[in-house]
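Asks: predicted structure and sequence below. I'll ask about it afterward.
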Amino acid sequence: MKRLRMLTLATLAGILALNLSLPSPAAVSPEPVHARPHAAGELSVMTYNVKGLPFPAAFGRAGKLAEIGQRLGYLRRAGLQPHVVLLQEAFIPEAKAIARTAGYAHVATGPQISDVRNIPMNLAAGSSWLKGESLGKWVDSGLVILSDYPIVRTRKMAFPADMCAGYDCLAAKGMLLAWIKVPGHDMPVAIADTHLNSRKASGVDVSQANAAYELQVTAARNFIRANVAADAAIIFGGDFNLGHDPRRLAAEAADGGIVPGAREATSLANSIDTTGMTKRDRAAILSRAKDKQYFRAGTDDRLALRDLEVPFGIGNGGSDLSDHLGFIASYAVR
């Protein structure tokens, strides 16, 4: 949750008072650096942290968010749009409007402030309002799932109020799970979205941020297990804020993995088609190691990763749209 460190008590009121639309964006950049048409029997899923933060945590985002929607709309007109998009940090209305601008017919939103339960976690001896703690939730989860295909069912779960650290506590973070009816696939495919606690950007000691992270990973794993059968197909994407921290890596790998039996798409970059990503984009995503897609085939399903691509990369202005590069993973499905 980069830049939420700016939210002191003096500026929190500005979130509500000054969260206004800004001027429309500049002209949309042309053809993506790499793009290819969808293949038959394919499901493409994009995960994208769009940095839809409220003012004053971020400034000038309305225009960039509108441009993201316009670029996705351009992909649609070219027949290249991802079938499903998982958004994170879609806090403000302009971020949620990406669905309409991009032409997605089906939309599910994640946990709201009202979904958060007050369960003491005792994560730290004291909390600091200067670091965003003890102030309650000021924004929702920022999770949105967009789909070309019907969303037949959803479930959501907000992490308990104190299952967080630092500035991340201002958001009602949690999990969003949607079952999507994919053409030619007998059973709906479960697709989940999340955004876990940041590390240094949380503004508190790393050990405190990691303690919250471990609890969130456990809660996410339990939520998946409780709602998706162990023999069912699932794709679980989002901003996992994993990085290369040994404690976080151990937390996600524990107990069979955050999705037991799953593989992670970007970890397979050396063994699949990545011609849809430039070397710079690939290096940026792998080195940052925050944006992930875990996938697992069901017992009676075929769900195999085909390729990875970055439609809005460093070379065509993607790093100006957000501080994350959204990537698309395409899967063969049956």
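Replies: Cool, the structure landed.
Asks: report the longest helix in the protein, please.
Replies: Longest helix in the chain, counting residues (DSSP state H): helix 206-227.
Asks: remind me which helix or strand the spatially most central residue of the chain belongs to.
Replies: The chain has Gly238 as the residue nearest its centroid, 3.0 Å off, counting by C-alpha atoms, centre = their mean. Under the assignment given by DSSP states H and E, the secondary-structure element containing Gly238 is strand 234-239.
Asks: could I get that strand in CSV with only the CA atoms?
Replies: Extracted in CSV, the C-alpha atoms of strand 234-239 (Å, rounded to 0.1, in the frame of the first residue of the first chain):
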residue,chain,number,x,y,z
ILE,A,234,-9.0,-22.7,-9.2
ILE,A,235,-7.0,-19.6,-10.3
PHE,A,236,-6.0,-17.3,-7.5
GLY,A,237,-4.4,-14.0,-8.5
GLY,A,238,-3.6,-10.7,-6.9
ASP,A,239,-1.0,-8.5,-5.2
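Asks: what pairs with it, parallel or antiparallel?
Replies: Paired strands of strand 234-239, with direction, are strand 189-195 (parallel), strand 291-296 (antiparallel) (DSSP bridges).
Asks: wait, which of those is closest to Lys137?
Replies: For the strands paired with strand 234-239, the distance to Lys137 is smallest for strand 189-195, at 13.8 Å, taking C-beta to C-beta. Placement of C-beta: from N, CA and C, glycine included.
Asks: what angle sits between that closest one and helix 206-227?
Replies: Between strand 189-195 and helix 206-227, the angle comes out at 160 degrees (axes from the mean of the first three to the mean of the last three C-alpha atoms, to 10 degrees).
Asks: the strands paired with strand 234-239 into TSV, with extra columns for mean neighbour count and mean pLDDT?
Replies: Shown next, in TSV, are the strands paired with strand 234-239 (neighbours: other C-beta atoms under 10 Å; pLDDT from 0 to 100):
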stretch	mean neighbour count	mean pLDDT
strand 189-195	27	97
strand 291-296	23	98
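Asks: okay if I get these as CSV plus distance to Ser207?
Replies: Output for the strands paired with strand 234-239, formatted as CSV (distance: least, C-beta to C-beta, whole Å):
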stretch, distance to Ser207
strand 189-195, 21
strand 291-296, 23
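Asks: got any ranges where the chain has weak pLDDT?
Replies: When the per-residue scores of the chain are filtered using pLDDT under 70, the ranges that remain are 1-40, 56-58, 121-134.
Asks: how are the helices of it distributed by residue range?
Replies: For the chain, helices defined by DSSP H occupy the ranges 9-18, 61-77, 93-96, 98-102, 206-227, 246-253, 279-288, 318-321.
Asks: and the longest helix of the chain, what other elements does it pack with?
Replies: With contacts defined as 3 or more C-beta pairs under 8 Å, 6 or more residues apart in numbering; DSSP states H and E, the packing partners of helix 206-227 are strand 151-158, strand 174-180, strand 189-195, helix 246-253.
Asks: against which helices or strands is the second one packed?
Replies: Strand 174-180 sits against strand 106-109, strand 144-147, strand 151-158, strand 189-195, helix 206-227, with contacts defined as 3+ C-beta pairs under 8 Å, 6+ apart.
Asks: just the C-alpha atoms of the fourth one, please, in CSV.
Replies: Which is strand 189-195. Backbone C-alpha positions of strand 189-195 (Å, rounded to 0.1, in the frame of the first residue of the first chain) are rendered in CSV as follows:
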residue,chain,number,x,y,z
VAL,A,189,-14.1,-22.1,-12.7
ALA,A,190,-13.3,-20.6,-9.3
ILE,A,191,-11.2,-17.4,-9.6
ALA,A,192,-10.0,-15.6,-6.5
ASP,A,193,-8.5,-12.1,-6.0
THR,A,194,-6.6,-10.7,-3.0
HIS,A,195,-4.2,-8.0,-1.8
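Asks: still on that earlier bit, my guess is the residue nearest to the centre of the chain meets Met46, correct?
Replies: No: here Gly238 lies out of contact with Met46, judged by C-beta atoms under 8 Å, at a distance of 11.4 Å.
Asks: what is in contact with the two at once?
Replies: When contacts are counted by C-beta atoms under 8 Å, 6 or more residues apart in numbering, Gly238 and Met46 have Leu86 as shared neighbours.
Asks: return the most buried member of the helices and strands packed on helix 206-227.
Replies: Most buried of these, by mean neighbour count (mean count of other C-beta atoms under 10 Å): strand 189-195, with a mean of 27.
Asks: longest strand anywhere in this structure?
Replies: When the chain is parsed with DSSP state E, its longest strand is strand 42-52.
Asks: what sits against Val85?
Replies: The contact partners of Val85, by C-beta under 8 Å, 6+ apart, come to 45-48, 72, 98, 102, 104, 145-147.
Asks: please point out which parts of stretch 141-154 sit buried.
Replies: Residues of stretch 141-154 classed as buried under the neighbour-count rule (16 or more other C-beta atoms under 10 Å) are 141-149, 151.
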